[in-house]
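Asks: requesting a structural model of the entry that follows:
(chains A and B)
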Amino acid sequence: KQEVTQIPAALSVPEGENLVLNCSFTDSAIYNLQWFRQDPGKGLTSLLLIQSSQREQTSGRLNASLDKSSGRSTLYIAASQPGDSATYLCAALTSGTYKYIFGTGTRLKVLA
Amino acid sequence: KAGVTQTPRYLIKTRGQQVTLSCSPISGHRSVSWYQQTPGQGLQFLFEYFSETQRNKGNFPGRFSGRQFSNSRSEMNVSTLELGDSALYLCASSSGTGSNSPLHFGNGTRLTVT
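Replies: Next comes the predicted model:
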């Protein structure tokens, strides 16, 4: 059974800092891994999707990597800004069941 | 392109009542999935519909049901509401095929059961 874990649960950093969010999954048989951000009381916004055959994806200041063999994905945010404050969730699309399993998220606060 | 639309945004119901939530996916998307989000349990998968057929199901009681129409719009129904059903219900759409099909979420329906 796929389990997805995100550590830390919360993170507070000063503006301008580069930071890394972690996502671990127990079953490496995945189709893809997707990163989202969620603002309070809102739905999830898709940030990056990495297919299982890929190692990384980039969009602006965001870079996501995938290492299936170790069951890990990281989301790198460069030069963080207060507008980056949100909860970040990862989700793995598991082979066989074709279901997305979500992590519990990392709540990020970027201080001005 | 319009995003995923969920209605209503907020609902207040009493224990024992039933409720229907609606989701309109992005045009051209054939897959609609539903999730329940609570502070204690996080995001939990309810079910997914693809071309009007339930393709996947989570571990929720039979009080939770759904359907999808020929235009891909989907509804979710919860009968005999319990206090524990209070949550943010999120709908997501995707093309539903292949590994390069991201999920797109609506803003959710906040259900409060009193």
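Asks: what about B:Arg110, distance to B:Gln44?
Replies: Relative to B:Gln44, B:Arg110 is positioned 16 Å away (CB to CB, to the nearest Å). Every C-beta, even on glycine, is put in place using the N, C-alpha and C of the backbone.
Asks: need the contact list for the most centrally placed residue in chain B.
Replies: Centroid-nearest residue in chain B: B:Trp34, 3.1 Å away (criterion: CA atoms, centre = their mean). Residues near B:Trp34 by CB atoms under 8 Å, 6 or more residues apart in numbering or on different chains: B:Cys23, B:Phe45, B:Leu46, B:Phe47, B:Glu48, B:Gly66, B:Ser74, B:Met76, B:Tyr89, B:Leu90, B:Cys91, B:Ala92.
Asks: give the bridge partners for the fifth one, please.
Replies: In this case it means B:Glu48. B:Ser33, B:Asn56 (DSSP bridges).
Asks: same check, this time on B:Ser74
Replies: B:Cys23, B:Gln68.
Asks: tell me the contacts of it?
Replies: B:Ser22, B:Cys23, B:Pro25, B:Val32, B:Trp34, B:Tyr49, B:Gly66, B:Arg67, B:Gln68, B:Cys91.
Asks: chain B contacts on chain A?
Replies: Taking CB under 8 Å from any CB of the partner chain as the contact definition, chain A meets chain B at A:31-32, A:34, A:36, A:41-46, A:49, A:51-52, A:89, A:91, A:93, A:97-105.
Asks: next, count neighbours for residue 11.
Replies: No chain was given, so I picked chain A. Here the number of neighbours of A:Leu11 (other CB atoms under 10 Å in any protein chain shown) works out to 16.
Asks: please refer instead to chain B.
Replies: 17.
Asks: which helix or strand contains it?
Replies: Element membership for B:Leu11, per DSSP states H and E: strand B:10-13.
Asks: let me see the mean pLDDT of that strand.
Replies: Strand B:10-13 comes out with an average pLDDT of 98.
Asks: which positions in it come out as buried?
Replies: Of the residues in strand B:10-13, B:Leu11, B:Lys13 count as buried by neighbour count, 16 or more other CB atoms under 10 Å in any protein chain shown.
Asks: cool, stretch A:102-112 as well?
Replies: Quick answer for stretch A:102-112 (16+ other CB under 10 Å): A:Phe102, A:Gly103, A:Thr104, A:Gly105, A:Thr106, A:Arg107, A:Leu108, A:Val110.
Asks: please apply the same query to stretch A:16-36.
Replies: For stretch A:16-36, by 16+ other CB under 10 Å, it's A:19, A:21, A:23-25, A:27-28, A:30-36.
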